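Asker: mind looking at a prediction? Sequence and model below.
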Amino acid sequence: MRDAVFLATMLLLLPLAVARPFVGILLWSWISFMNPHRLVYGPAGPMPWAMMVFAATLLGCLLAGEPKRLALNAVTGLIFTLMLLFTFTTIMALGDPTAVWAKWQFVEKVLLGLLLTASLLTERRRVHALIWVMVISIGYYGVRGGIFSLLTGGSYRIWGPDQTMIFDNNHLAAAMLVTLPLMNYLRLQSRNAPVRIGLAAAMCFTLLATITSYSRGALLGLAAATVILWWRSTRKVVTGAVLGVVLTGALAFMPAQWTERMQSIGSYDADASASERLVLWGISLKLALANPLSGSGFTGPYNRQVVDTVAPDGPARAVHSIWFELLGENGFPTFFVWVTMTLAGVYYTFRIVSMTRRRPELAWAYDFGRMAQVSIVAYLVSGTFLSLSYWDFYWTLLVVIAATHTLARQVVKAEERANAVGWRKRGVAAPSPAAGALEEAAAVAVTAAPGVPRPLAKRPAVAR
């Protein structure tokens, strides 16, 4: 029955992807992030749904005449650069050509889809819709896992769908952790009380599922994300109290076996799993130093013969670190470009927050910029212990950040041009941005003086 429902749904949505290309992007993202076809047990499961949806979307782009132009920003430029560098490192790869080119094909298709996604994110409504798809895709496993943990007392680990990038309990925990701030963004922006309550409940279940994954890396990521979330909140006392109560309750709910596993973080040198990860990181670094321009190529650290060139009899398996996985497989130039893409996303988030502060019409961008910073920190910290270097969900988040920056900048520039026209009509020169900044700083200094009442800081109102 589940297979039949999924098959009927896809047969209805595929023509819609042709008629409306952005619907195809949403559908492609849903298939890629949630992998719903892995939850059915019939002929629909093994079918190449992502490829079918992407082909329908490309056909729709040709028929609809969009996108009008490719999105040009730092993130998309770096994505294109990565496509070229991955091709170079694949040509120079040391491992099995069949496995190497199979992974290259997967990664290149993802990057190509990201460029198309970026070009179709032309308005706020589309950005909002894509974030909803991201939250629903991972939030499904968070809510389901949280309910399961509640019913079983947290005695079992939470796993993702089979044959996917988030199947492993550690990977799924990181994915849920990255999604939590995006859930909060949707909660802040929702005008419907039941939706806000539902999202708050989904956040609680997802948090519980993250903890009951028994992932130590996710626990470290949760600690870092909690600090950043509190720091970026506009009501620090309330936020701190809520976070404290929720986290304390969740941790107190966990059984003794969970506590024992988490306590092993402090004694990593005595833990076999943690010690082996240090060895794997060292092997990846050696592969990069031996081949600084191209690394060992895709799947190099997994290949016995490749690993033996730098560490005879060393472990040949998953590296368990986004940093060392990318470095060992693709060398230093590609690693620096990959890191720069994240730095570009971080820069855009700070620019978004700076541009949209005190602009009610851009409150959505302000909230998203702050929450995206929390998601990035969650990925970087938890990913330090996971092989998630090529995770399309995170790359999509960076694309959405860049698109939001572009949309916010367009609104700000349009307002500045309108204001400049108004000043010219009155025959007065428009004040420069520097003068406006000095004026604001002076106002702050005056209100900070003794005896002068300070205005209450207010969060930007949600644009209705």
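Answerer: Everything's here; your move.

Asker: quick one, helices of the stretch 1-150 of the chain?
Answerer: 2-19, 21-34, 49-64, 74-91, 97-120, 124-152 (DSSP state H, counting those that start in this stretch).

Asker: need the winner for burial among these.
Answerer: helix 21-34 (a mean of 23; mean count of other C-beta atoms under 10 Å). Using the backbone N, CA and C atoms, a C-beta is placed for each residue, glycine as well.

Asker: could you list every helix and strand in contact with that helix?
Answerer: helix 2-19, helix 49-64, helix 97-120, helix 124-152, helix 392-425 (3 or more C-beta pairs under 8 Å, 6 or more residues apart in numbering; DSSP states H and E).

Asker: kindly calculate the angle that the fourth one makes with helix 21-34.
Answerer: Regarding helix 124-152 and helix 21-34, their directions subtend 20 degrees when assessed with axes from the mean of the first three to the mean of the last three C-alpha atoms, to 10 degrees.

Asker: and for the shortest one?
Answerer: Here helix 49-64 runs at an angle of 170 degrees relative to helix 21-34 (the same axes, to 10 degrees).

Asker: right, so of the helices and strands packed on helix 21-34, which gets closest to Leu78?
Answerer: helix 392-425 (8.9 Å; C-beta to C-beta).

Asker: same for that closest one, what does it pack against?
Answerer: helix 21-34, helix 74-91, helix 97-120, helix 124-152, helix 169-189, helix 322-356, helix 363-383.

Asker: can I get the ones you listed in JSON lines with distance to Leu62 and mean pLDDT?
Answerer: Below are the helices and strands packed on helix 392-425 laid out as JSON lines (distance: least, C-beta to C-beta, whole Å; pLDDT from 0 to 100):
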{"stretch": "helix 21-34", "distance to Leu62": "9", "mean pLDDT": "95"}
{"stretch": "helix 74-91", "distance to Leu62": "21", "mean pLDDT": "97"}
{"stretch": "helix 97-120", "distance to Leu62": "12", "mean pLDDT": "95"}
{"stretch": "helix 124-152", "distance to Leu62": "19", "mean pLDDT": "94"}
{"stretch": "helix 169-189", "distance to Leu62": "32", "mean pLDDT": "94"}
{"stretch": "helix 322-356", "distance to Leu62": "29", "mean pLDDT": "96"}
{"stretch": "helix 363-383", "distance to Leu62": "31", "mean pLDDT": "95"}
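
Asker: could I get those as CSV with distance to Gly244?
Answerer: Below are those laid out as CSV (distance: least, C-beta to C-beta, whole Å):
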stretch, distance to Gly244
helix 21-34, 31
helix 74-91, 35
helix 97-120, 38
helix 124-152, 19
helix 169-189, 16
helix 322-356, 25
helix 363-383, 17
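
Asker: out of these, which is closest to Ala414?
Answerer: helix 322-356 (12.4 Å).

Asker: and the closest one, how far out from the chain middle?
Answerer: 12 Å (C-alpha atoms, centre = their mean, to the nearest Å).

Asker: same check, this time on stretch 411-421
Answerer: Worked out by C-alpha atoms, centre = their mean, stretch 411-421 lies 32 Å from the chain centre.

Asker: pull out the buried positions in it.
Answerer: Across stretch 411-421, burial judged by 16 or more other C-beta atoms under 10 Å covers 411-412.

Asker: about what we covered before: which of the helices and strands packed on helix 21-34 sits closest to Tyr379?
Answerer: The nearest among the helices and strands packed on helix 21-34, by C-beta to C-beta, is helix 392-425 at 5.2 Å.

Asker: need the helices of the stretch 1-150 of the chain in JSON lines with distance to Met165, can you?
Answerer: Output for those, formatted as JSON lines (distance: least, C-beta to C-beta, whole Å):
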{"stretch": "helix 2-19", "distance to Met165": "20"}
{"stretch": "helix 21-34", "distance to Met165": "9"}
{"stretch": "helix 49-64", "distance to Met165": "12"}
{"stretch": "helix 74-91", "distance to Met165": "17"}
{"stretch": "helix 97-120", "distance to Met165": "10"}
{"stretch": "helix 124-152", "distance to Met165": "11"}
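
Asker: still on that earlier bit, any chance of the helices and strands packed on helix 21-34 in JSON lines, with distance to Leu327 too?
Answerer: Putting the helices and strands packed on helix 21-34 into JSON lines (distance: least, C-beta to C-beta, whole Å) gives the following:
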{"stretch": "helix 2-19", "distance to Leu327": "37"}
{"stretch": "helix 49-64", "distance to Leu327": "28"}
{"stretch": "helix 97-120", "distance to Leu327": "16"}
{"stretch": "helix 124-152", "distance to Leu327": "27"}
{"stretch": "helix 392-425", "distance to Leu327": "17"}
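
Asker: Glu276: which of the ones you listed is closest?
Answerer: helix 97-120 (22.2 Å).

Asker: who are the packing partners of that closest one?
Answerer: Helix 97-120 packs on helix 21-34, helix 49-64, helix 74-91, helix 392-425, going by 3+ C-beta pairs under 8 Å, 6+ apart.

Asker: kindly recompute the last result at 10 Å.
Answerer: Other helices and strands packing on helix 97-120, by 3 or more C-beta pairs under 10 Å, 6 or more residues apart in numbering; DSSP states H and E, are helix 21-34, helix 49-64, helix 74-91, helix 124-152, helix 392-425.

Asker: great, nothing more from me.
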